[in-house]
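> below are the sequence and a predicted model for it; my questions follow.
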Amino acid sequence: MSHLPTILITGCSSGFGLDAARLFLDKGWRVIATMRTPSEDLLPRSENLRVLPLDVTDIESIRRCVEAAGPIDALVNNAGIGMLGPLEETTLANIREVFETNAIGTIAMTQAVLPQFRQRRAGVVVNITSAVTLKALPLLSVYTGSKAAVNAFTESLALELAAFNVRVRLVAPGRAPSTSFGDNAHRLIGDAVPEDYAEFIRRVFAARQEGINSPVTHSQDVVEAVWLAVTDPAAPMLIPAGADAVALADI
């Protein structure tokens, strides 16, 4: 029996992770789809699919997941959370949660699979970053900081793993209206913001509303970029995903 290439994708309960799992299944890969609260109903039934629990902020959860998954050929670090609001009224607890999930979680998952990649002299790591790292935007300092850390981590790691034939790449999605990030914006800002910020926040959201018909990123853009990053050794280090992300990358 020929070996089916195997991919482990984090954050598969919705959005890019869920759609990436569907794509790789359709392409004939064996897929390890992970999520905090596993649901077998989100993806089509397949003998090539395993759904495993994973909390990327919990080192024991990571260890159990990687052990249960067995040998894999590719890792996609997609799990992440958003944060929108003025830094002044963002709690350190929330800041730590964003960095623990987006940056430390990515690092910890990568570290957990590297021994098998190094020993086999083969493997691919694809980290999902964000187009907000390509251009500064207001009210996103914490989120952007966490994703910028992923960028720098990935670029440096690629250099140290090249000798082992392990590839490391970045996919940078733009603004995706189909995700919950924008829907949660007002809730994330909360009610404790000083009045001095009120007019600035109003202008930011007005500008966002005015640009509602401007180019955006669709999930298909992202999963195609992930497919390219995983399967094409000649893929660039950073792949912008979506028309708006491509435009920012060209600035």
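Ah, there it is. Residues are numbered from 1 along each chain as shown.

> C-alpha from now on. contacts and neighbour counts both.
Fine.

> pretty sure Met83 belongs to a helix, no?
No - if the criterion is DSSP: H, G, I helix; E, B strand; the rest coil, then Met83 is coil and not within a helix.

> give me the pLDDT for it.
In the prediction, the pLDDT value recorded for Met83 is 91.

> roughly how far apart are it and Ser130?
Using C-alpha to C-alpha, to the nearest Å, Met83 is found at 13 Å from Ser130.

> and the strand or helix carrying Ala21, how far from the chain's centre?
Here Ala21 sits within helix 15-26, counting by DSSP states H and E. With C-alpha atoms, centre = their mean, to the nearest Å as the basis, helix 15-26 stands 13 Å off its chain's centre.

> what does it contact?
9-12, 30-31, 33, 42-44, 48-49, 78-79, 178-179, 219-220, 222-223, 226-227 (C-alpha atoms under 8 Å, 6 or more residues apart in numbering).

> which among those end up buried?
Buried residues within the contacts of helix 15-26, counting neighbours by 16 or more other C-alpha atoms under 10 Å: 9-12, 30-31, 33, 43, 49, 78-79, 219, 222-223, 226.

> what is the nearest of these to Ile62?
Lowest distance from Ile62 to the buried ones among the contacts of helix 15-26 (C-alpha to C-alpha) belongs to Thr10, with 10.4 Å.

> report pLDDT for the closest one.
Value listed for Thr10 in the pLDDT field: 98.

> over to His218: give its phi and psi.
phi -100, psi 150 (degrees, to the nearest 10).

> can you name the residues that contact the nearest residue to it once chain neighbours are set aside?
Closest residue to His218 apart from its sequence neighbours, by C-alpha to C-alpha, 6 or more residues apart in numbering: Ala176 at 5.8 Å. Going by C-alpha under 8 Å, 6+ apart, Ala176 touches Val216, Thr217, His218, Ser219.

> can you confirm Val56 is in a helix?
No - per three-state DSSP, Val56 lies outside any helix segment and is coil.

> give me the number of residues near it?
Val56 has 29 neighbours, counted by other C-alpha atoms under 10 Å.

> now do the helices in this structure.
In the chain, helices defined by DSSP state H lie at 15-26, 59-69, 92-99, 105-120, 141-161, 185-189, 198-210, 219-231, 243-250, listed in chain order.

> make JSON lines out of these and add distance to Pro53.
Shown next, in JSON lines, are the helices of the chain (distance: least, C-alpha to C-alpha, whole Å):
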{"stretch": "helix 15-26", "distance to Pro53": "14"}
{"stretch": "helix 59-69", "distance to Pro53": "7"}
{"stretch": "helix 92-99", "distance to Pro53": "19"}
{"stretch": "helix 105-120", "distance to Pro53": "13"}
{"stretch": "helix 141-161", "distance to Pro53": "23"}
{"stretch": "helix 185-189", "distance to Pro53": "26"}
{"stretch": "helix 198-210", "distance to Pro53": "36"}
{"stretch": "helix 219-231", "distance to Pro53": "22"}
{"stretch": "helix 243-250", "distance to Pro53": "31"}
